[in-house]
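> model this:
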Amino acid sequence: MGKITAAITGVGAYLPEYILDNFELSKMVDTSDEWIMTRIGIKTRHILKGEGLGTSYLGERAVQDLLEKTGVDPLDIDLLICATVTPDMFFPSTANLICYKSGLKNAFGFDISAACSGFLFALNTGAQFIMNGTYKKVIIVGADKMSSIIDYEDRNTCPIFGDGAGAVLLEPNKEGLGIQDAILHSDGGGAQHLYMKAGGSAYPSTIETVTNKWHYVHQEGQAVFKAAVSNMADVSVEIMERNHLTPDDIRYLVPHQANLRIIDATAHRMGLPKEKCMINIDKYGNTTAGTLPICLWDYESRLKKGDNLILATFGGGYTWGSTFLKWAYDGGDFSK
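All right, here's what the predicted structure looks like:
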């Protein structure tokens with residue numbers, strides 16, 4: 001019983017008030033509710049409005065929700081890791097800003113950039129600090145203001161993404177709960193299919209880069225879809241087999257919310273019925289690093305101590321992975 005694991009002991013989230021539905025979107029670009037629902041499965045997405053409001057605002061609100069629900073003193077937080085591809089600015093880091101705005105005066109923070117896999121990579125990074133005994137309270141934030149890098153004249157990308165943030169608290173556990181195993185991958189060979197070309201050191205901002213729309217997400221849908229279906233499903237099945245889990249052992253698959261067809265394909269490969277999948281893509285769209293913690297927040301009241309969860313994701317990079325964790329508390333205790 002001496003082994004220390006890193007367990008999620010609370011979850012918070014924030015979705016902006018403004019809701020962009022398919023009807024409004026169809027006035028902006030050549031699309032329709034039927035087209036979007038058939039191919040992606042999204043009805044609405046939340047958009048952050050307000051001058052000067054960036055990802056740190058989303059993250060701060062999610063952290064405040066987390067701290068209020070758990071009753072944890074902000075001064076007791078040791079570390080905050082923020083997963084995002086839409087930082088407020090290159091530096092300081094978004095984690096730095098969230099710590100300051102949330103009153104985490106004793107914590108240090110840094111960002112992780114792994115697109116839609118960012119939260120899972122950050123979760124497993126933060127867990128190391130807990131498991132090796134260095135820290136007692138670590139917050140992991142997944143947050144993105146995707147509306148800031150989306151071309152609302154591109155019908156292939158603008159229906160997919162929304163803005164939002166989720167945050168979880170990691171603490172030591174000696175009951176065998178929390179993170180049990182993880183399989184994480186990256187392959188830069190996929191960069192050509194999903195990227196934002198300009199704004200970095202390779203193509204700094206110029207009049208030309210703006211005119212050419214290089215500051216927006218570029219996605220080759222078919223290539224990304226094919227890679228996501230195979231890799232996300234493969235890594236989810238692999239972690240089941242590695243931990244001798246059957247479909248009956250799993251309470252929920254917590255999948256990245258990119259496309260309903262990708263989620264269905266992953267669940268099918270795992271032998272899971274739809275009722276064992278956390279799905280909220282219809283309400284929030286793809287919030288990139290925010291999808292997994294927002295799912296946990298959405299379904300928190302249904303979770304019980306000891307429930308087996310498989311978190312699975314795929315994102316730009318390419319990046320992908322899965323994590324097997326045992327839920328550490330009865331969700332009804334903190335239900336929103």
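> Report the contact partners of the residue nearest to residue 303 when sequence neighbours are not counted.
Spatial nearest neighbour of residue 303, excluding adjacent residues (C-beta to C-beta, 6 or more residues apart in numbering): residue 331 at 3.7 Å. Where you see a C-beta, it was placed from the backbone N, CA and C, and this is true even at glycine. Contacts for residue 331 (C-beta atoms under 8 Å, 6 or more residues apart in numbering) come out as 299-304.
> let's see 10 Å
By C-beta atoms under 10 Å, 6 or more residues apart in numbering, the contact set of residue 331 is 11, 296-297, 299-305, 307.
> Low-confidence stretches in the stretch 201-336 of the chain?
333-336 (pLDDT under 70).
> ranges for the strands of it?
For the stretch 201-336 of the chain, the strands defined by DSSP state E, counting those that start in this stretch occupy 218-219, 252-255, 308-315, 319-326.
> On the three-state scheme, residue 9 is what?
strand (DSSP: H, G, I helix; E, B strand; the rest coil).
> doesn't residue 72 make contact with it?
Yes. Residue 9 lies in contact with residue 72 (C-beta atoms under 10 Å); the separation is 8.7 Å.
> Please identify which of those two sits among more neighbours.
residue 9 (20 against 17; other C-beta atoms under 10 Å).
> so who does that one touch?
Contacts of residue 9 by C-beta under 10 Å, 6+ apart are 66, 70, 72, 137, 168-173, 177-178, 328-329, 334.
> Could you list the domains of this structure?
5-178, 179-333 (automatic domain parsing).
> Please identify the most buried of those.
domain 5-178 (a mean of 21; mean count of other C-beta atoms under 10 Å).
> Which parts of the chain are helices?
22-28, 33-39, 55-70, 94-102, 118-131, 207-211, 221-242, 260-270, 281-284, 291-299 (DSSP state H).
> hey, what's in contact with both of residue 9 and residue 72?
Common neighbours of residue 9 and residue 72 are listed as 66, 137, 169, 171 (criterion: C-beta under 10 Å, 6+ apart).
> Out of these, the closest to residue 233 would be?
residue 169 (29.9 Å; C-beta to C-beta).
> what sits against the residue nearest to that closest one when sequence neighbours are not counted?
Nearest residue to residue 169 in three dimensions, chain neighbours excluded: residue 10, at 4.3 Å (C-beta to C-beta, 6+ apart). Counting by C-beta under 10 Å, 6+ apart, residue 10 touches 65-72, 139, 167-171, 296-297, 300, 328-329, 333-334.
> same thing but at 6 Å, please
For residue 10, the contacting residues are 66, 69-70, 169, by C-beta atoms under 6 Å, 6 or more residues apart in numbering.
> try residue 123
residue 140.
> same deal with residue 139?
Residues counted as contacts of residue 139 (C-beta under 6 Å, 6+ apart) are 77, 80, 167, 169.
> Please apply the same query to residue 196.
So residue 196 contacts 149, 217 (C-beta under 6 Å, 6+ apart).
> May I have the residues that are in contact with residue 94?
Applying C-beta under 6 Å, 6+ apart to residue 94 gives the contacts 55-56, 82, 84, 87-88, 111.
> ok, it to residue 86 distance?
8 Å (C-beta to C-beta, to the nearest Å).
> can you list residues touching both of the two?
With C-beta under 6 Å, 6+ apart as the test, residue 94 and residue 86 both reach residue 55.
> what bridges to the nearest residue to residue 239 once chain neighbours are set aside?
Nearest in space to residue 239, with sequence neighbours left out and distances taken as C-beta to C-beta, 6+ apart, is residue 322 at 4.4 Å. Beta-bridge pairing of residue 322 under DSSP bridges involves residue 183, residue 312.
> I'd say residue 322 and residue 312 touch.
Yes. Between residue 322 and residue 312 there is a contact at 4.5 Å, judged by C-beta atoms under 6 Å.
> Name the residues contacting each of these two.
residue 236.
> From residue 144, how far out is the residue nearest to residue 296 when sequence neighbours are not counted?
In space, residue 296 comes closest to residue 11 once its chain neighbours are excluded; the distance is 4.8 Å by C-beta to C-beta, 6+ apart. With distances taken as C-beta to C-beta, residue 11 is found 17 Å from residue 144.
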